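Trainee: sequence first, then the predicted structure, then my questions.
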Amino acid sequence: MAWFLVDDQCLYGRYWGCLADFDRLHFETCFYQGLELAIGQGLGRFDAGAQGEHKLIRGFEPVLTRSWHYLRHPGLRAAVADFLEQERAGVRAYFKASRGLLPYRQG
């Protein structure tokens with residue numbers, strides 16, 4: 001199943017999974033159908049969601065994103081904050097490197 005939200009400028013696609021394994025169903029459901037819908041609706045942008053190296057070869061540019069969660073337990077909140085601080089530099093480096101893997105020219 002793919003789940004889409006839309007506003008006047010963008011189609012937001014989110015994939016929620018499948019109980020069985022079907023070759024290329026994920027790409028058809030999540031990307032190709034979403035692109036077709038966005039183009040058909042005259043939208044300027046299709047946001048296919050966060051994560052996924054498989055999106056690079058399909059022309060989706062990497063973007064930095066945020067997650068807005070509140071962790072009530074102070075110990076868990078501190079542990080997650082510490083992890084995120086450590087992870088941040090790696091995410092930025094990966095983001096920069098990923099832009100060089102896009103299948104079309106930059107600039």
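Mentor: Noted; the coordinates are in hand.
Trainee: how far off centre is the lowest-mean-pLDDT helix or strand in the chain?
Mentor: Across the helices and strands of the chain, mean pLDDT, DSSP states H and E gives its lowest value to helix 25-27, namely a mean of 85. Centre-to-centre, helix 25-27 and its host chain are 14 Å apart (CA atoms, centre = their mean, to the nearest Å).
Trainee: list the buried residues for it?
Mentor: For helix 25-27, the neighbour count (16 or more other CB atoms under 10 Å) marks H26 as buried. C-beta coordinates here come from the backbone N, C-alpha and C atoms, glycine included.
Trainee: what helices or strands is it leaning on?
Mentor: Of the remaining helices and strands, none touches helix 25-27 by 3 or more CB pairs under 8 Å, 6 or more residues apart in numbering; DSSP states H and E.
Trainee: I'd like the next helix or strand past it.
Mentor: helix 33-40 (DSSP states H and E).
Trainee: rewinding a little: run through who's touching the least confident helix or strand of the chain.
Mentor: For helix 25-27, contacts defined as CB atoms under 8 Å, 6 or more residues apart in numbering pick out 15, 18, 54, 58.
Trainee: can you pick the most crowded of those?
Mentor: Y15 (17 neighbours; other CB atoms under 10 Å).
Trainee: which residue is nearest the centroid of the chain?
Mentor: With distances taken as CA atoms, centre = their mean, A50 lies nearest the centre of the chain, 2.0 Å away.
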